[in-house]
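J.: whatever this is, show me its structure:
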Amino acid sequence: MSHIQRLEKFLSFFSPDDRVLVVINADPDAIGSAMAVKRLLWRRVSEVKITYFNEIRRPDNLTLLRVLNIEIIPIKEINEKDFHKFVVVDSQPDHHECFAMFRYNAIIDHHPISCDCAEFNDIRPEYGACSTMMTEYIKAAEIKPSKILATALLMGIKTDTGDFLRHTAMEDVRAFQFLYRYANQSLVARIENAEFREKDVDFIAKAIRRKKIINHRVYAYTGKIENPDQCVITADFFMKINTANWSIVSGIYNKNLIIIIRNDGLRKSAGNTVKQAFEFIGSAGGHRTMARVEIKLEDLERELTREKQDSTSIKEKADIKETAMIKENSNLKSKKDADLESKKESNLESFEALIPDWIIEKIEMHAGTKTE
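T.: Okay, the predicted model is just below:
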């Protein structure tokens, strides 16, 4: 199907009286893509609104919204009955429970196919960015993008391809070349230079203190987090370590375990690895150099309990036997000391204490040990 045919098919699902809602998990690629949908439907429908459900805290994302003066609405302020048609870009309906609130007329995405359930589905995982796909729609419609739209789409491509160092197709390069003529490079630089807040630096410092390096993979479990973007920023930061091939940063957010993975793309795919390691228990997927896992804590606790019950090691059995012998044959420890020891053991074996090693075990099992 040609770009023009794809555009015509997409537009055929909308009528002048339609009020359209574009639903996104807000990041530069999703924001730029949603803006492109809004531009394509301009004067073709009654109204287009963009809504998002995630918390936006990354400095570059906040700066992008501010300097480009982009209007997007929190999903809690949306009344579904106010809209006739629904579009999701840079995601698919099964990527997050908030997407399931609506029945979609169109899905446009560059992630691996997992839920092509709309009337119109355009899912191309070979592309590095959804913004590239939307740029092709803009070109097919013979629209000259405004500086704001071109800058947003260009930032979407730069972000999701990691400045073309991650998964990238030639179409991404061509789209970037087209947008470069229209984008405001001063605004691009301003957005890119907004990397850290003071809170982010403190979070990275905590992750550094907790990091473990195994087989050139940097692991950091950070406990409860304010926002998953903190793990994203930290995972990108750890990839700056000269000996790091992988970066795995995790934390607890809204009763879910979030795991963010980055790698250098030279070894196993991050996306395939997390699917093999975690898809049995939660949402897991991504690209060759970047991936994400989300697991409900209740499901994780059930799994860890099962694994613990099923895999008592020989050493643990020996320790239990030795402890029993000590209790039977000596009175060297007072009852108070014994209680403290028992409490200490209980704390060490508590649910959350098991998480970091569990993540390491799963990644090491599926990522391989090749370290050259």
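
J.: poorly predicted segments of this structure, please.
T.: Where the chain drops to pLDDT under 70, the residues are 311-349, 369-372.

J.: can you tell me the centre-most residue of it?
T.: Taking Cα atoms, centre = their mean, the centroid of the chain lies closest to R292, which sits 4.7 Å from it.

J.: just confirm that residue is within a helix.
T.: No: per DSSP: H, G, I helix; E, B strand; the rest coil, R292 lies outside any helix segment and is strand.

J.: tell me where the stretch 51-200 of the chain has strands.
T.: 73-74, 85-89, 106-109, 120-123 (DSSP state E, counting those that start in this stretch).

J.: mean neighbour count and distance to E47 added to these, as a markdown table?
T.: No exception for glycine: its C-beta is placed from N, CA and C like everyone else's. Shown next, in a markdown table, are those (neighbours: other Cβ atoms under 10 Å; distance: least, Cβ to Cβ, whole Å):
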| stretch | mean neighbour count | distance to E47 |
| --- | --- | --- |
| strand 73-74 | 12 | 12 |
| strand 85-89 | 25 | 10 |
| strand 106-109 | 24 | 16 |
| strand 120-123 | 18 | 19 |
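
J.: my guess is the residue nearest to the centre of the chain meets N256, correct?
T.: No: in this structure, R292 is not within contact of N256 by Cβ atoms under 8 Å, at 11.2 Å.

J.: and stretch 35-42, how far out from the chain's middle?
T.: The chain centre lies 25 Å from the centre of stretch 35-42; the measure is Cα atoms, centre = their mean, to the nearest Å.

J.: actually stretch 13-21, not the one I typed
T.: 30 Å.

J.: also stretch 195-214?
T.: 18 Å.

J.: buried set for it?
T.: Within stretch 195-214, the residues that count as buried by 16 or more other Cβ atoms under 10 Å are 200, 203-204, 206-207, 211.

J.: restricting to C-alpha, output it in CSV.
T.: Output in CSV follows, covering the C-alpha atoms of stretch 195-214 (Å, rounded to 0.1, in the frame of the first residue of the first chain):
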residue,chain,number,x,y,z
GLU,A,195,18.2,16.8,30.9
PHE,A,196,17.9,16.8,34.7
ARG,A,197,16.0,18.2,37.6
GLU,A,198,17.6,18.4,41.1
LYS,A,199,15.4,15.4,42.1
ASP,A,200,16.7,13.4,39.1
VAL,A,201,20.3,13.9,40.2
ASP,A,202,19.4,12.7,43.7
PHE,A,203,17.7,9.7,42.3
ILE,A,204,20.7,8.8,40.1
ALA,A,205,22.9,9.2,43.2
LYS,A,206,20.7,6.7,45.0
ALA,A,207,20.8,4.3,42.1
ILE,A,208,24.6,4.6,41.9
ARG,A,209,24.9,3.6,45.6
ARG,A,210,22.7,0.5,45.0
LYS,A,211,24.1,-0.6,41.6
LYS,A,212,25.6,-4.0,40.9
ILE,A,213,27.6,-4.8,37.8
ILE,A,214,27.4,-8.4,36.5
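
J.: hmm, who's touching it?
T.: 57, 59-60, 218-222, 225-226, 230, 233-234, 237-238, 243-244, 249, 356, 360, 364 (Cβ atoms under 8 Å, 6 or more residues apart in numbering).

J.: those, buried ones only, as a ChimeraX selection?
T.: Remark: buried members of the contacts of stretch 195-214, expressed as a ChimeraX selection using 16+ other Cβ under 10 Å:
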select :57,59,60,218,219,220,221,222,225,230,233,234,237,238,244,249,356,360
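
J.: which of the contacts of stretch 195-214 fall in helices?
T.: 59-60, 230, 233-234, 237-238, 356, 360, 364 (DSSP state H).

J.: all helices for this structure, in order.
T.: Under DSSP H, the chain gives helices at 3-11, 28-40, 59-68, 130-140, 147-161, 170-180, 185-192, 198-210, 229-238, 270-278, 297-310, 314-329, 335-348, 351-367.

J.: you'd agree I261 is up against R288?
T.: No: using Cβ under 8 Å, I261 makes no contact with R288, being 10.8 Å away.

J.: M1 and E136, how far apart?
T.: 11 Å (Cβ to Cβ, to the nearest Å).

J.: pick out whichever of those two has more residues nearby.
T.: Legend: neighbour count by other Cβ atoms under 10 Å for M1 and E136, higher for E136 (22 against 9).

J.: now the more buried one: how far from D122?
T.: E136 is 10 Å from D122, by Cβ to Cβ.

J.: common neighbours of the two, please.
T.: R6.

J.: thinking again about what came up before, ok, the buried residues of stretch 195-214 vs G368, which is closest?
T.: K211 (20.6 Å; Cβ to Cβ).

J.: measure that closest one to I70 for me?
T.: On the measure of Cβ to Cβ, K211 and I70 end up 35 Å apart.

J.: sorry, back to before: tell me the bridge partners for the residue nearest to the centre of the chain.
T.: Per DSSP bridges, the residues bridged to R292 are I260, G285.

J.: please name the residues that touch the closest residue to A129 other than its chain neighbours.
T.: With Cβ to Cβ, 6 or more residues apart in numbering as the criterion, A129 has its nearest non-adjacent residue at 4.0 Å, and that residue is D160. Neighbouring residues of D160 by Cβ under 8 Å, 6+ apart: 28-29, 110, 128-131, 166.
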